[in-house]
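A.B. asks: Could you work out the structure for the sequence below:
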Amino acid sequence: MPSVRGSAHLTLLALLFAPPCWSQNPSLIAAVNTKAVSGPDASLSANSPVEGPSTTPAPDAASLFDSVGDQFSPLVTNIEVRSTEHDLETVQGDSFQAGGQEITGSAGTFGDISRFLQTFPGVVATGDLSNEVLVRGGHPMENLFLVDGIEVPNINHLATAGTTGGFGPMIDSGLVQGIKMFTGGYDAQFPERLSSVTEIETLDPKHLANHVEGDLGIQGVGGLVEKSIHGSDLLTSAHHGLLSFMKDAGIDGLPAYTNALARLRHNDGSGNRLTILHLAGWDSVDVDPCPLDSEETSAIDSQYSGWRTTTGAEWQHVYSPTSFAVASVSDSEEVEHIHQQDQTIVSSLAPVMSSSCQTPMVLSQPTPVYMEDSNAAFSNASYRYEWTGPAVSMIAGSATWLQRPHYTVQQPLGAFSPYSAAPVRADSTSFRSSFSTGETGSFAEFTLHPLRSLALSAGGRIQTFAFGDHITFTPRLSLRYFLGEHAGLHIALARYAQLPPYIYLESYPSNRSLAPMRSTHEIIGLDLDAFTSSAIHIEAYHKAYSALPASTEYPSVDLHDMVDMLGQQFVWLPMNSDARGSASGIEISDLTRIRSHLVLRGSIAYSRAMFAAMDRISRPSNFDFPWIVNVEALQRFSRGYEIASRYAYATGRPYTPFDAPDSLAQDRPIYDVSQMNALRVPAYGRLDSQLNKEMKIRGLHLELYMGVENILNRNNFLAYVWLPQMEQRSRKPVNESNMPVKELDQMPIFPNFGVRYIFQ
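C.D. replies: Here you go, the predicted structure:
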């Protein structure tokens, strides 16, 4: 793919079908002794805050197992809370929250955490074929994921280095107690990311720890076991994918993927807690286009295999009723092997070729064009201390990363650039790197509570990067003011800095001077709790970007507008840090719960994401979706039935048209860079629905679900692709009015089904 790989990681997958609140300061300690807890309201954890002012209705059930726990044992709870009388609200950016039950039962997500995040305001997918998410006009690499407090580079299968999305999840939604997503203005404790932070909490051991689950569905087969062992909680899970994929335009493949998770957690009853986590995934896929298919969209064979693991431990220690600390260590490995060959058809034999894909080797001469063996590994150690006083609270800490990027990349021939009509291969590079380099991050943040209705927060983070010898300081300022019992105003100003992925930095010697990317968030929001069952969140934001990677060869190309050429060759580009841009918008969202029977979640967001490369012309980025609308409904009925429905709408994304004369002359896709992202595809719209049924048979609890994605079978646009060699195989004359271009659509109507077994 003639673009930077990090912006177009769907190369191997693109044509494979795949399926806010006020928060209390966590330093307010609560010690909980639970004999057997179940039911939707039993959710107080060892470090949970005492219930305080909130503009978000309490969730029905945090996890899937919570929703059925009362069928196994009665509610017997003994709770002792020790705290000061001064409860302080933090001024951390508002988060959007959901429980595992909501994720599992939602329509159109296949129970995928990343796809569920797309239901939050300002969050949209790159397309149906991946679970990669874009947050408020940001690049997918700008998202951070934490699982039980441990940083995980990517929680998805079939994902390449430098991205945060992929084909499908490595974490079963049945493992999830709850998720919390910050889309802007998040505080200084998190490692630097420019767009979002998502925290995932696995099952809470106090909610009836001993149980077994098995599940079979379109995502695969597997299960989990949670068991109490010598006062500790052991949670294990394993899944294997079974899904066969559709064939589209000759590119087909059968991805294989397996994942496993193990977590051991021990609480000593006084608030101290030890968590040990291991998450792993293995996956592979071969993409073999048919060189004799006149509708083929690519001439690149691709073989991908990889695995990724994160292993870590977190220790929480309570010093007093007003202070505690958290220390953690972890190691992450992201290994991938990618090999690509360009299918060269012997042109003199093209007229006699049949439509059979059983091509003799004499007719097809695959030429190796890309090879990568890489491991984007790092180890991390961190310490965080939190303290709460009568009118002041404080959080401070430090972390260090030992980055160990190991890359072997060979791209000796380069590629025919889609940004240039020059009939020669360009951007040839081969590099090998195996080194270690350090990064550190230290932060402190103070919250003042001068008035009962006012909270002020100020702090910052200092980050150092040994690679390139960079030091960044990113301040945070925020304010939250209660306008009354049912309304609150919040304002935030925060800066963030993030180094581009190391494989970007190593691809060319000149790229090693790339500076940390920067983003400044300016946010103002209003929270309304006008009704006891409804919470309305209104927020306007502006994100100013600077020091973004830009191509030094093609003045109109930067990281945010590189063309994603589906199914094509990986290619790296020489870059500098001269691109800049902005993303601004306003979001309105509502979460309404009517008793325990109906949950409504809806949002509407308007935004613009405009970026400029070295030519200093501001243009829409690839992630510019002016209008994003989501409406969800979950209706529960008697006898264990519930219906979930979702409608999603998004303005069509920008695209760059082909340069017809040059493309026809060379029989390859060449873009008209004078119209970079000047046109826009039709709008996206999709209606999904799912029927869930709960039943209990002799102590065995069954969760059955059947759904339909894209019920209306709408043809949502995916991309325009060039049909290589079509001119040689077609009898029709090809000209500018009859170009060898095919329009690909996203996911058609498709079923979603499965069953989950829950044992006591």
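
A.B. asks: quick one: buried residues of stretch 608-623?
C.D. replies: Across stretch 608-623, burial judged by 16 or more other C-beta atoms under 10 Å covers Ala609, Met610, Phe611, Ala612, Ala613, Met614, Arg619, Pro620, Ser621, Asn622, Phe623. From N, CA and C alone the C-beta is placed, and that goes for glycine too.

A.B. asks: Check the residues you listed and tell me the two furthest apart.
C.D. replies: Maximum pairwise distance in those, criterion C-beta to C-beta, is 19.5 Å, between Met614 and Phe623.

A.B. asks: Contacts only, for Val681.
C.D. replies: Contact partners of Val681, counting by C-beta atoms under 8 Å, 6 or more residues apart in numbering, are Gly652, Arg653, Pro654, Tyr655, Phe717.

A.B. asks: Adding pLDDT, secondary structure and neighbour count, write those out as CSV.
C.D. replies: Below are these laid out as CSV (pLDDT from 0 to 100; DSSP: H, G, I helix; E, B strand; the rest coil; neighbours: other C-beta atoms under 10 Å):
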residue, pLDDT, secondary structure, neighbour count
Gly652, 92, coil, 16
Arg653, 90, coil, 24
Pro654, 93, strand, 20
Tyr655, 91, strand, 20
Phe717, 89, strand, 18
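
A.B. asks: right, and Pro549 touches Gln498 too?
C.D. replies: No: with contacts counted by C-beta atoms under 8 Å, Pro549 stays clear of Gln498, the gap being 11.5 Å.

A.B. asks: With neighbour numbers in mind, choose between the two.
C.D. replies: Per other C-beta atoms under 10 Å, whichever of Pro549 and Gln498 has more neighbours is Pro549, with 30 against 22.

A.B. asks: so how far is Asn576 from that one?
C.D. replies: Counting by C-beta to C-beta, to the nearest Å, the separation of Pro549 from Asn576 is 7 Å.

A.B. asks: swap in Ala381?
C.D. replies: If you measure Ala381 against Asn576 using C-beta to C-beta, the figure is 33 Å.

A.B. asks: Over to Ala644?
C.D. replies: With C-beta to C-beta as the criterion, Ala644 and Asn576 are 47 Å apart.

A.B. asks: neighbour-wise, which of these two wins?
C.D. replies: Counted by other C-beta under 10 Å, Ala644 and Asn576 do not tie: Ala644 has more neighbours, with 24 against 19.

A.B. asks: thought the more buried one was touching Ala107?
C.D. replies: Yes: counting by C-beta under 8 Å, Ala644 does reach Ala107; the two are 4.3 Å apart.

A.B. asks: list the residues that contact both of the two?
C.D. replies: Glu632, Ser689, Gln690, Gly707.

A.B. asks: In contact with the last one, which residues?
C.D. replies: If you count contacts by C-beta under 8 Å, 6+ apart, Gly707 has them with Ala107, Gly108, Ala644, Asp688, Ser689, Gln690, Leu691, Pro751, Asn752, Phe753.

A.B. asks: Skip the chain neighbours and tell me the closest residue to it.
C.D. replies: Leaving aside its chain neighbours, Gly707 sits nearest to Gln690 (3.2 Å; criterion: C-beta to C-beta, 6 or more residues apart in numbering).

A.B. asks: Also the second one?
C.D. replies: In space, not counting the residues next to it along the chain, Ser689 is nearest to Ser645; the distance is 4.6 Å by C-beta to C-beta, 6+ apart.

A.B. asks: secondary structure class for Arg115?
C.D. replies: Each residue gets one of three states, and Arg115 gets helix by DSSP: H, G, I helix; E, B strand; the rest coil.
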